[in-house]
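[1] I would like the atomic coordinates for the input below:
(one chain, ligands or ions: 1)
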Amino acid sequence: MSAHQNTKAYAQSLDSNDHLAMYRELFHIPCDDKGNELLYLCGNSLGLQPKTTRAAIDQELRDWEKMGVEGHFHAKNPWMPYHEFLTKAMADVVGANPIEVVVMNTLSVNLHLMMVSFYRPTSDRYKILIESDAFPSDKYAVQSQAAFHGYDPADAIIELSPRTGETCLRHEDIQKIIEDRGQEIALIMIGNSNYYTGQAFDMKSITAWGHAQGAVVGFDCAHGAGNLDLQLHDSGADFAVWCSYKYINSGPGSLGGVFVHERHAYDQTIPKFTGWWGHNKSTRFKMRDGFEPIPGVESWQLSNPPILSMAAIYASLKIFQEAGISNLRKKSIAITDYLIYLIDQLNNEAIHIITPRNSSERGSQISIQVKDANKSLFQKITDKGIIADWREPDVIRVSLAPLYTRYEDVHRFVEILGQV
Ligand SMILES: *Cc1c(COP(=O)(O)O)cnc(C)c1O
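    Numbers count the residues shown, from 1 in each chain. Predicted structure coming up:
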């Protein structure tokens, strides 16, 4: 029996007891034409703008205006080492050591750079294991890597599919396929959590199963970073990639993050594509021959990075540092539990949650399947001021990003869902 109640007053009482409630004040909440706040449930697609972002970007614009090139060394936040200002905070968000984390490029680019280094197929071990409903960009990336090495993607890619009649994967099935076919698998590359079902995977177990078979294990944490308490270092994964514009609220197309486990930090035998930003910082500008890598994941950097994008990430990460990912995760579990309770209260045969109910297997996103629905149902929800996400053929994805979603919003959303 749940102790929850299906009333607006009760939802408001949860908000007044929420230690993170004041963080909503730090964000711009989108409004309709009349200035009414919209109900924003799309933080898994594009996180909202912190009110501090504009000033952070302005600071860099002003320093560029006043100093030109001198800003590389004399800006308030010097541009030369700018990415280093983000490292510790980003490492805390994903549960890693600073030597394991760098902010650079964008997700799909980073995934390719990681596969250049960590997908090293041989004639008897060349396969890549991925979920059948992985995010399309990830599938294109693994297929093109296999083809680049001369393999037929149809043969080289092993897809993990749910059992017939099920939408989520079972860990026991993942384990079985790794144990049965592990000797053929060069790389396991799984999205954590799944962008469609919202299912989160146990990275530590998957990594252990993969490593026991001699496979390399990497994760796409686009939907996990800033959402789950990932503990990347302890997971033992070889690498991970993510973006900062979803739960990390750093603006459209902002830079991504990369994790490479510390055990690879000083290994100069790992092949990689290199550029000047990965070279020893003290001799970088001497422009001599011979690449001297910075220890750790920074050696994968190619170019000097876009500071305006990094300024937005800097502003956003300060909020995460204050709130703490483990506190955010606690609220995320509580608020998604409340959403599940309210949807159950609707008692509607047509509405079915496809995200796992067990909180250890999900983050802030709940995917709701509406039988026989079409996009007109979603349009009605949108017309009522809700910003969520529709996935063909019949799934509404909502994300209750704990920094700015209120229990009252959840109550209102389910009320509207029931009405339409
Ligand atoms: C959002 C997302 C991407 C986006 O990739 P970009 O390179 O940032 O455009 C890739 N993979 C997954 C799993 C995602 O959720």
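
[2] for the rest of this, base every contact and every neighbour count on C-alpha atoms.
    OK.

[3] just the helices from the protein, written as ranges.
    Shown for the chain, the helices assigned by DSSP state H span residues 8-16, 53-67, 71-74, 84-94, 107-118, 136-148, 153-156, 171-181, 203-212, 232-235, 307-323, 325-346, 375-383, 407-419.

[4] closest one to the ligand among these?
    helix 107-118 (3.6 Å; Cα to the nearest ligand atom).

[5] name the residues of the stretch 101-250 of the chain found near the ligand, please.
    Within the stretch 101-250 of the chain, the positions adjacent to the ligand are 106-108, 135, 137-138, 191, 195, 220, 222-223, 243 by Cα under 6 Å from any ligand atom.

[6] tell me the two of the residues you listed that are most distant?
    T106 and Y195 (17.2 Å; Cα to Cα).

[7] the two: who's more crowded?
    The neighbour comparison of T106 against Y195 (other Cα atoms under 10 Å) goes to Y195, with 21 against 18.

[8] and that one, its phi and psi?
    Phi and psi for Y195, reported as degrees, to the nearest 10, are phi -70, psi -20.

[9] looking at it, it is touching H223, isn't it?
    Yes: judged on Cα atoms under 8 Å, Y195 makes contact with H223 at a distance of 6.3 Å.

[10] what's the spacing between F201 and the ligand?
    According to Cα to the nearest ligand atom, to the nearest Å, F201 and the ligand sit 13 Å apart.

[11] tell me, how many residues neighbour that residue?
    Other residues close to F201 by other Cα under 10 Å number 22.

[12] what do you get for I319?
    I319: 18 neighbours (other Cα under 10 Å).

[13] tell me which residues touch it, please.
    Contacts for I319 (Cα atoms under 8 Å, 6 or more residues apart in numbering) come out as none.

[14] from R54, how far off is it?
    14 Å (Cα to Cα, to the nearest Å).

[15] likewise for D409?
    In terms of Cα to Cα, D409 sits 26 Å off from R54.

[16] cool, and Q345?
    Noted for Q345: a distance of 42 Å to R54, by Cα to Cα.

[17] and Y195, by the same measure?
    On the measure of Cα to Cα, Y195 and R54 end up 29 Å apart.

[18] and the residues of the stretch 101-250 of the chain next to the ligand as CSV, adding distance to L308 and pLDDT?
    Shown next, in CSV, are those (distance: Cα to Cα, whole Å; pLDDT from 0 to 100):
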residue, distance to L308, pLDDT
T106, 14, 98
L107, 18, 98
S108, 20, 98
F135, 28, 94
S137, 25, 97
D138, 27, 97
G191, 28, 93
Y195, 28, 93
D220, 25, 98
A222, 21, 97
H223, 23, 97
C243, 16, 98
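
[19] mark which of the residues you listed are buried, thanks.
    106-108, 135, 138, 191, 195, 220, 222-223, 243 (16 or more other Cα atoms under 10 Å).

[20] save those residues as JSON lines, and put in distance to E84 too.
    Listed next are those as JSON lines, based on distance: Cα to Cα, whole Å:
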{"residue": "T106", "distance to E84": "17"}
{"residue": "L107", "distance to E84": "19"}
{"residue": "S108", "distance to E84": "22"}
{"residue": "F135", "distance to E84": "30"}
{"residue": "D138", "distance to E84": "28"}
{"residue": "G191", "distance to E84": "27"}
{"residue": "Y195", "distance to E84": "29"}
{"residue": "D220", "distance to E84": "22"}
{"residue": "A222", "distance to E84": "21"}
{"residue": "H223", "distance to E84": "24"}
{"residue": "C243", "distance to E84": "17"}
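
[21] who does P293 bridge with?
    Counting by DSSP bridges, P293 forms beta bridges with H279.

[22] gap between it and E131?
    P293 is 34 Å from E131, by Cα to Cα.

[23] cool, and Y151?
    Distance from Y151 to E131, by Cα to Cα: 19 Å.
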